[in-house]
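Q: Sequence and predicted structure, then a few things I'm wondering about:
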Number of protein chains: 2
Amino acid sequence: MDYIGRLTAHLPLAIRLLMVKADGSVSIHADDRAYKPLNWMSPPCRVEEAPGVWRVVNKAGEELRITIEEVLHDSSHELGVDPGLIKDGVEAHLQELLAAAPSVLGEGFTLIRREYPTAIGPVDLLCRDGDGGTVAVEVKRRGEIDGVEQLTRYLELLGRDPLLAPVGGVFAAQEIKPQARVLAQDRGIRCVVVDYNALRGVTRDELTLF
Amino acid sequence: MDYIGRLTAHLPLAIRLLMVKADGSVSIHADDRAYKPLNWMSPPCRVEEAPGVWRVVNKAGEELRITIEEVLHDSSHELGVDPGLIKDGVEAHLQELLAAAPSVLGEGFTLIRREYPTAIGPVDLLCRDGDGGTVAVEVKRRGEIDGVEQLTRYLELLGRDPLLAPVGGVFAAQEIKPQARVLAQDRGIRCVVVDYNALRGVTRDELTLF
DNA sequence: CTATAAATGTCGGAG
DNA sequence: CTCCGACGTTTATAG
């Protein structure tokens, strides 16, 4: 197998699994690692089949050349359309839950709005704290340096708006990496670790008002 | 199929491809997308097989439960050990090439050292410019905001060292995204787009001296 | 289509 | 083992 595209790669002769899907995509698997093929071509792409040689090419000019010495097994099946995967627990859902229960983020917090628009992208949650101050909240499943940088850019921008300034920052995630925590604290951003399962059980804030 | 782990996911009954590898890993594929399985369990993990139900678990307590209604085809093959994949063109190689030809980065540039160590990680290339000033270079295949932030942290740190200060910054990549370019320029960091293939053909700097 | 952020990212290397 | 950054990241989504 040879790949010539974003990089150049060569795979020596060996027994492998070739998978060709209905969308024309091709992948080559070894007998380990569930997720990642040794090599692949993502759709949209085209397979040119010659005796013993497959050429898989895409529009960008990337090419996968597969030389087949011997076929040990060949099998083809019609799978039909796939019903979608239903997921739960991703960032969007975490954001929803926090929007419904902002007090988890801090004493007396109330929601101004979700996805508060700015010139450099939407702030996940914009809140008002117990003292009437504005707080920008960045929500992540896993809190890493990237997220702190992202929030820092929002804070810099929002802090220039006289209607909002001064704007505090909260970095909320199910898990916060040590480096991210250090960077956040260095920038005066408070870190909140959120327990996703506990949050699902939390009574909504509006109900606790009565 | 049900997955209970880092998130919860459910996949309705349909015809799919199940792949079980020698390392015990399991993946479930639909008839599209070469790269990513619909669901999977990465090694190390264990498969518990009961009639019509597979339970795949790992040490972290994540679980994949697969209910099998009907087997349309079943085939098993011994693949043996896989000889490795040979790659070329990644960031490490780009860094090597630039280290060998620093003048590509700027007029009169010479290399001080590669992977210059700092408290927050190594700087890809530390160079001296034509005027004897110090320049930190961040090398990326694709230049995005992350890389600019990374270089900014290095510059902030190196700039405090009286032996080096003032330290200039160069962001070198095969491709630089507009947002990254804007951020870099805003911070006084110069952007250099590098042609990888051309660079491989460039005569090494030491040879051009004679 | 481009640009940007999320991902059960995965993977590999250093400490 | 954890932390950290690269990856042919891939993938989805918004503009």
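A: Here it is on my side, so go on.
Q: From now on I want contacts and neighbour counts done on CA atoms only, so please keep to that.
A: Noted.
Q: quick check, residue A:155 in a strand?
A: No. Going by DSSP: H, G, I helix; E, B strand; the rest coil, the assignment for residue A:155 is helix, not a strand.
Q: neighbours around residue A:97, how many?
A: 18 (other CA atoms under 10 Å in any protein chain shown).
Q: Check residue A:154 too.
A: If we define neighbours as other CA under 10 Å, then residue A:154 has 22 of them.
Q: which one is it nearest to, not counting chain neighbours?
A: Of all residues not flanking residue A:154 in the chain, residue A:123 sits nearest, at 7.0 Å (CA to CA, 6 or more residues apart in numbering or on different chains).
Q: Need the pLDDT of the one you found.
A: pLDDT, residue A:123: 90.
Q: What distance do you get for it to chain B?
A: Distance of residue A:123 to chain B, given as CA to the nearest CA, to the nearest Å: 17 Å.
Q: Three-state assignment for residue A:120, please.
A: Assignment for residue A:120 (three-state DSSP): coil.
Q: From the recorded domain assignment, give the ranges for chain A.
A: Following automatic domain parsing, one gets these domains for chain A: A:2-67, A:91-208.
Q: buried sites along stretch A:46-53?
A: A:46-47 (16 or more other CA atoms under 10 Å in any protein chain shown).
Q: likewise stretch A:121-139?
A: Neighbour-count burial for stretch A:121-139 [16+ other CA under 10 Å]: A:123-129, A:134-139.
Q: and what of stretch A:1-20?
A: A:1-3, A:8-11, A:15-20.
Q: and of these, the nearest to residue B:98?
A: Using CA to CA, residue A:8 comes nearest to residue B:98 of the buried residues of stretch A:1-20, at 18.9 Å.
Q: sorry, back to before: among the buried residues of stretch A:1-20, which one lies nearest to residue B:49?
A: Among these, and counting by CA to CA, the member closest to residue B:49 is residue A:17, at 23.2 Å.
Q: In a helix, residue A:171, correct?
A: No. Counting by three-state DSSP, residue A:171 is not part of a helix but strand.
Q: related to what we said a few turns ago, reformat the buried residues of stretch A:1-20 as CSV; add distance to residue B:104, pLDDT and secondary structure.
A: What follows is the buried residues of stretch A:1-20, written out as CSV (distance: CA to CA, whole Å; pLDDT from 0 to 100; DSSP: H, G, I helix; E, B strand; the rest coil):
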residue, distance to residue B:104, pLDDT, secondary structure
A:1, 34, 91, coil
A:2, 30, 90, strand
A:3, 28, 92, strand
A:8, 23, 86, strand
A:9, 26, 89, strand
A:10, 29, 89, strand
A:11, 33, 89, coil
A:15, 44, 93, coil
A:16, 42, 94, coil
A:17, 43, 95, strand
A:18, 42, 95, strand
A:19, 43, 95, strand
A:20, 43, 94, strand
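Q: Return only those of the residues you listed found close to chain B.
A: Residues of the buried residues of stretch A:1-20 in contact with chain B (CA under 8 Å from any CA of the partner chain): A:8-11, A:15-16, A:19-20.
Q: Next one: the nearest residue to residue A:129 once chain neighbours are set aside from residue A:136, what distance?
A: The spatially closest residue to residue A:129, leaving aside those adjacent along the chain, is residue A:109, at 4.4 Å (CA to CA, 6+ apart). With distances taken as CA to CA, to the nearest Å, residue A:109 is found 11 Å from residue A:136.
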